[in-house]
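Q: Give me a 3D structure for the following:
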Amino acid sequence: MTESSVLEQGVVKSSNHADGTDTPPEVFDKAELDRLARQRPSTFHNAYAEYGFVLSIILSMMMCEYFVSGFNIVLPEVAVALDISDAERTWPAAVPNLTTAALLLPFARMCDLYGGRYIFLGGHTWAFIWSLAAGFSPTPTLLIVCRAMQGVGFSAILPAGLALLGHTYRPGPRKNTVYSLYGAFACIGFYFGILIGALAGQFLNWRWYFYIGSILVFFVVVVGVITIPQNLGDHDEGAIMDWWGLATVVPGLVLVVFAFSDGGHAPDGWRTPYIYVTLIVGVLFLGAFVYVEGWVASQPLLPAELFKPKYMRRLCVGLFCSYGIFGLFLFYASYYIETVLHTTPLQTAAWFIPLAAGGFFLAVAGGFVLHILSGRILMIVSSTGYLLCCLLFALLPKQSDNQPSTSFLYWAYVFPAMLTGTIGVDIAFNVTNVFITTAMPRRLQATAGALINSLLYLGIAFWLGIGDLAIATSVKNYGEESLGPREQYQIAFWTGVGLAVVAFFFIVTVDFGRAEAQMTADEKADLDSDENRSSKNEQ
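A: Predicted coordinates for the structure are as follows:
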């Protein structure tokens, strides 16, 4: 029996559920699936409980982005206050990405071992402590340590948050709306970090950036404790830690991300011995990780089952490239606006408003269209957005005696670039989150969340490194006299344009279908199991 015939005729669902509960068999027809997908999950007693739960999850994503984006705005003041040299400035900015990327998979397994709720709340508590400590940091070394420890908290929060959402919502319109909000708050958090960083840097003190962030993280902890059901994301009794995988993936990712993050700023660039040595050793560790996961581990951190759904490998490559485009766009757009167009911190924050506003609009619209429009059409729109956001900055004309005016450049180039940028990342993030989590069984929700965020952080780190390498190579060939800041940033934007073309050909071939009401992966597995048993009995 095919899935379409199941939906048309109705099926008897096995009483042996994925969550271990035993309930009478239920008949699921298309109308019933649609009703279940739209109604409030039974785990919530009222609407306010659900609102609080969703608020705690989407705010967690917002705060992760807050501590990434806003720090770049306050970094100049931090460098002066703590006497951080130019060579060391990249470390406090990049180190949270380093620890986050390295620990996502181990924390996904910890969600299985101890439960998503405890890892989610524990990660926030950890992030709160170290965010507050960062505000009191008296030395650059202590600040770097605090930022690294923040990343540890983020690596727990991100897979746990997606696991909690995946455990709670069935495929369909309600899930689409929640995931759209989750993706939108990434952009809102990014902008909010820039705004608070600008306000703190211009009117208060850089330490207030961390104090305000700490207060908000504490608020998320309180809301989460109250609204996340006690039994949500319970641990798996049969789960074990993959220690060999842990021992290979963590140093491998740390060394590789470090090489790409610091390669463009090392004394001799990528030719600096410690850069290429760490890169080579990191690649060897990752090679060992692949061997361990494929042939040694009984419960690998990155199971092959994760890549079983059709198109998954192709999609991962496309997302790895797509998130790199967004990383290039955000990083170099902020520098271009401040250093080439000479805006103040607050004006820079104001220019990023369309990024947040567009994300919020897409969140509201996403819940209404994800189950109506084909995912492939939405991803074509997303890919176009990625292409245009970098292309507009790459083509942005040079000012000469204020001609063209800054106002004209904003409305003609920067404003549409911000809109297309949020179209690119928000649609891609929402569609792929729904697609991947719907394709995964309940026990792999945390691992799916770790995979999604690993592609995000690793894609940004890798392609920012490639952008730095392209700029460094061009400067060496033509000299700094020929390539000023504007020309250097344009190289990065053209790199993003080329990457957008590559990503398009990977993603456009993926058949996402529509994110409509359907059976969960566990229900489909139960149905297949029942059919196999029936077939054997008939024989």
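Q: Look up how far Y291 lies from W463.
A: Separation of W463 from Y291 (CB to CB, to the nearest Å): 26 Å. C-betas here are computed from N, CA, C, even on glycine.
Q: for C321, same thing?
A: Counting by CB to CB, the gap from C321 to Y291 is 26 Å.
Q: of W463 and Y291, who's got more company?
A: Using other CB atoms under 10 Å, the more surrounded residue of W463 and Y291 is W463, with 25 against 13.
Q: If we ignore the residues flanking it in sequence, what's nearest the more buried one?
A: Once flanking residues are discounted, W463 sits nearest to G324: 2.8 Å by CB to CB, 6 or more residues apart in numbering.
Q: Cross-check the contact I'm expecting between the one you found and G459.
A: Yes - assessed by CB atoms under 8 Å, G324 is found in contact with G459 at 4.4 Å.
Q: Compare neighbour counts for those two and give me the winner.
A: Neighbours per residue (other CB under 10 Å) separate G324 from G459, with G324 holding more: 29 against 23.
Q: list the contacts for the more buried one?
A: By CB atoms under 8 Å, 6 or more residues apart in numbering, the contact list for G324 reads 459-460, 462-464, 466, 496, 499.
Q: export those to CSV and tack on pLDDT and distance to L306?
A: Shown next, in CSV, are those (pLDDT from 0 to 100; distance: CB to CB, whole Å):
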residue, pLDDT, distance to L306
G459, 84, 17
I460, 81, 21
F462, 81, 20
W463, 84, 23
L464, 79, 26
I466, 82, 26
G496, 91, 28
L499, 92, 24
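Q: Select from those the one having the most neighbours.
A: Among the contacts of G324, G496 has the most neighbours (other CB under 10 Å), with 28 neighbours.
Q: that older thread, present the contacts of G324 as a markdown table; the columns should include secondary structure and distance to A156.
A: Below are the contacts of G324 laid out as a markdown table (DSSP: H, G, I helix; E, B strand; the rest coil; distance: CB to CB, whole Å):
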| residue | secondary structure | distance to A156 |
| --- | --- | --- |
| G459 | helix | 21 |
| I460 | helix | 19 |
| F462 | helix | 23 |
| W463 | helix | 25 |
| L464 | helix | 24 |
| I466 | helix | 29 |
| G496 | helix | 31 |
| L499 | helix | 30 |
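Q: how about the strands in the stretch 1-150 of the chain?
A: Assigned by DSSP state E, counting those that start in this stretch, the strands in the stretch 1-150 of the chain fall at 11-12, 27-28.
Q: coming back round to it: could you point out which of the contacts of G324 is nearest to V414?
A: Proximity to V414 was ranked across the contacts of G324 by CB to CB; first place goes to G496, at 15.2 Å.
Q: pretty sure T495 is in contact with F331, am I right?
A: No - the pair T495 / F331 is not scored as a contact, 11.5 Å apart, by CB under 8 Å.
Q: who touches both of those two?
A: Common neighbours of T495 and F331, counting by CB under 8 Å, 6+ apart, are G467.
Q: So between the two, which is more surrounded?
A: Neighbours were counted for T495 and for F331 using other CB under 10 Å; T495 has more, 24 against 20.
Q: Okay, that one and T432: tell me how far apart.
A: T495 is 22 Å from T432, where distance means CB to CB.
Q: Can you say which helix or strand has G161 in it?
A: Assigned by DSSP states H and E, G161 belongs to helix 140-168.
Q: what packs against that helix?
A: helix 47-82, helix 90-114, helix 116-135, helix 173-203, helix 415-439, helix 445-478 (3 or more CB pairs under 8 Å, 6 or more residues apart in numbering; DSSP states H and E).
Q: again, only this time at 6 Å
A: Here helix 140-168 touches helix 47-82, helix 90-114, helix 116-135, helix 445-478, going by 3 or more CB pairs under 6 Å, 6 or more residues apart in numbering; DSSP states H and E.
Q: Dump these to CSV, plus distance to R376.
A: Shown next, in CSV, are those (distance: least, CB to CB, whole Å):
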stretch, distance to R376
helix 47-82, 25
helix 90-114, 28
helix 116-135, 31
helix 445-478, 19
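Q: Can you give the domain ranges for this structure?
A: Per the record, the chain has its domains at 44-231+299-534, 241-298, by automatic domain parsing.
Q: and these, which is most packed in?
A: Of those, the one with the most neighbours on average (mean count of other CB atoms under 10 Å) is domain 44-231+299-534, at a mean of 20.
Q: How far away from the center of its chain is that domain?
A: On the basis of CA atoms, centre = their mean, to the nearest Å, domain 44-231+299-534 sits 4 Å off its chain's mean C-alpha point.
Q: Check stretch 41-50 too.
A: On the basis of CA atoms, centre = their mean, stretch 41-50 sits 27 Å off its chain's mean C-alpha point.
Q: List of residues touching it?
A: For stretch 41-50, the surrounding residues in contact (CB atoms under 6 Å, 6 or more residues apart in numbering) are 40, 168, 227, 229.
Q: I'd assumed S180 was in contact with V434.
A: No - applying CB atoms under 6 Å, one finds V434 not in contact with S180, separated by 8.6 Å.
Q: Next up, the contacts around P345.
A: 73, 198, 201-202 are the contacts of P345 under CB under 6 Å, 6+ apart.
Q: my bad, should have said N205
A: With CB under 6 Å, 6+ apart as the criterion, no residue contacts N205.
Q: Check it and give its pLDDT.
A: N205 carries a pLDDT value of 83.
Q: returning to that earlier point: tabulate the domains of the chain (CSV), appending distance to E32.
A: Shown next, in CSV, are the domains of the chain (distance: least, CB to CB, whole Å):
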stretch, distance to E32
domain 44-231+299-534, 9
domain 241-298, 38
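Q: closest one to R35 among these?
A: Distance to R35, taken as CB to CB, is lowest for domain 44-231+299-534 among the domains of the chain, at 8.2 Å.
Q: now the host helix or strand of G318 and helix 47-82, what's the angle there?
A: Under the criterion of DSSP H and E, G318 resides in helix 312-335. On the basis of axes from the mean of the first three to the mean of the last three CA atoms, to 10 degrees, helix 312-335 is oriented at 50 degrees to helix 47-82.
Q: ok and helix 312-335 relative to helix 415-439, angle-wise?
A: Between the axis of helix 312-335 and that of helix 415-439 there is an angle of 150 degrees, by the same axes, to 10 degrees.
Q: which residue packs closest to F462, ignoring adjacent ones?
A: Nearest to F462 is F260, by CB to CB, 6+ apart, at 5.4 Å.
Q: my read: the one you found touches G465, true?
A: Yes - taking contacts as CB under 6 Å, F260 lies within contact range of G465: 3.1 Å.
Q: Quick one, grab the pLDDT at V27.
A: As predicted, V27 sits at a pLDDT of 48.
Q: I'd like the distance between the residue nearest to F462 and E50.
A: F260 is 40 Å from E50, by CB to CB.
Q: Tell me the secondary structure at P251.
A: Secondary structure assignment for P251 (DSSP: H, G, I helix; E, B strand; the rest coil): helix.
Q: which residues does it contact?
A: P251 neighbours (CB under 6 Å, 6+ apart): F285.
Q: for I423, same thing?
A: By CB under 6 Å, 6+ apart, the residues touching I423 are G385.
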